[in-house]
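Undergrad: One predicted model, sequence on top.
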Amino acid sequence: MNSEKQRQIGKESPVLEVEHPQRIDRVHPVLEAEHLRKYFPVRQANPFSGRKIIHAVEDMSLSLYAGRAIALVGESGSGKTTVARMLARVYGPTAGTIHFRNQPVSLRNSTAALRKYYRHVQLIFQDPFSSLNMVHNVRYHLARPLHIHRHVHNKEQERAQVLALLEKVSLTPAEQFIEKFPYQLSGGQRQRVAIARALAARPQVLLADEPVSMLDVSIRLDILNLLLRLKNEENLALLFITHDIASARYFAEETLVMYAGQAVEGGPCEEVIQRPRHPYTRLLISAAPNPQRHLEASRIQAPQTERGRGEIPSLINPPTGCRFHPRCPHAMPICRQRVPGRTRLDNGHWTHCFLYGESTTPDWGHGGEAPETSPPSDKPQRE
């Protein structure tokens, strides 16, 4: 087939092409972050007062693999969005390293290298109302990344690929949406446009920052199913940020729990949710709505749910040792003195908690009863 005929076929084909490696590598991570830290300076009215910083993220590591999703779970203010924005290079990390396909990524990279990185790593923002410009129509929002990353070269290709993107996110018939403005769309439709805009760059990594939290409850499942389908069809490495641990269980293969800027527990999703070890993870699960729990409690005397005390600590003056110890019902003296290392449990499950290491017998408190999930019988390995 000669080159002229190839060009002619390329012009006629409206199919949206997605670039991926010849063989999907599910063994090595697409995007890897190691020991990320992010500190923000605090603006103060008094220039002579001491310098203060916000310890937003400390010692955060994760790996994203093709065709798999990691759920980053935690309450508001835990640093989840900051992690996503560091991975998207919106923020530069204060310390730590980011590798894409085993290549280090830095703001000091050349403009061409950073543009290539931005093309492969895309961020879906939480609020579809503010992430889209109300003065531009849907065609503009989807065509701009196609032109920036040189995926189209004329108006015919632009229209064909914009329509293909709308079809991909189930905005059909696509011809009815291409000229609409964001204020003419519902919240769910706007979020679909935002997802299509991220796909226009043909990424390998998708960072979804609470993509359903601003939407009506009735359409959240549709958006989650859309992201699941895209993850499987495009073999995307996906980071799903949420404060709803039930959504994490439905969506991801692996769960990572954050508290006050630090990772406290992680592992396979079912393992973390069915056998939570860290007191904060148990607190999150006990706070999730579960009608079956109340039904069982009315028939039998069910074990007490995990109860936390107090509020999230200040990230300007964080507590010493384990950051959860001011709220933890099982806090021990060592929790105030040292930061717990990582304790490896079974089946890839791990946690940062002294209840599972240091050869210390925990003082459960509150009547001396152990929590519903007891420490493992096998001696864990500490790092």
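TA: Looks like it came in fine. Numbers count the residues shown, from 1 in each chain.

Undergrad: Pull the contacting residues for Thr172.
TA: Contacts were defined as C-beta atoms under 8 Å, 6 or more residues apart in numbering; by that measure Thr172 touches Leu166. Glycine gets a C-beta too; all of them are placed from N, C-alpha and C.

Undergrad: what separates it from Arg192, distance-wise?
TA: To Arg192, Thr172 is 11 Å away according to C-beta to C-beta, to the nearest Å.

Undergrad: Likewise for Met60?
TA: From Met60 across to Arg192, the span is 30 Å (C-beta to C-beta).

Undergrad: And for Ala95?
TA: 37 Å.

Undergrad: Could you pull out the helices in the stretch 201-350 of the chain for me?
TA: Secondary structure of the stretch 201-350 of the chain (DSSP state H, counting those that start in this stretch): helices located at 217-234, 245-251, 269-274, 279-287, 291-299, 333-337.

Undergrad: winner for burial among those?
TA: Highest mean neighbour count of those: helix 279-287, a mean of 22 (counted as mean count of other C-beta atoms under 10 Å).

Undergrad: Now do that helix: which elements does it pack against?
TA: Helix 279-287 is packed against strand 254-259, strand 262-268, with contacts defined by 3 or more C-beta pairs under 8 Å, 6 or more residues apart in numbering; DSSP states H and E.

Undergrad: what mean pLDDT does that helix have?
TA: Helix 279-287 comes out with an average pLDDT of 89.

Undergrad: could you check the angle strand 262-268 makes with it?
TA: Angle of helix 279-287 versus strand 262-268, following axes from the mean of the first three to the mean of the last three C-alpha atoms, to 10 degrees, is 70 degrees.

Undergrad: So what's the residue count around Leu239?
TA: Other residues within reach of Leu239 by the criterion other C-beta atoms under 10 Å amount to 28.

Undergrad: How about it, nearest residue that isn't a chain neighbour?
TA: Leu207 (4.8 Å; C-beta to C-beta, 6 or more residues apart in numbering).

Undergrad: Does the one you found touch Val121 like I think?
TA: Yes: judged on C-beta atoms under 8 Å, Leu207 makes contact with Val121 at a distance of 6.9 Å.

Undergrad: which residues of this structure score low on pLDDT?
TA: Applying pLDDT under 70 to the chain flags the ranges 1-26, 289-310, 358-383.

Undergrad: For this structure, which segments are assigned as strands?
TA: Here the chain has its strands, by DSSP state E, at 31-41, 53-64, 69-73, 95-100, 103-105, 121-124, 205-209, 237-242, 254-259, 262-268, 343-344, 350-351, 381-382.

Undergrad: Gln122 reaches Leu207, doesn't it?
TA: Yes: using C-beta under 8 Å, Gln122 is in contact with Leu207, at 7.0 Å.
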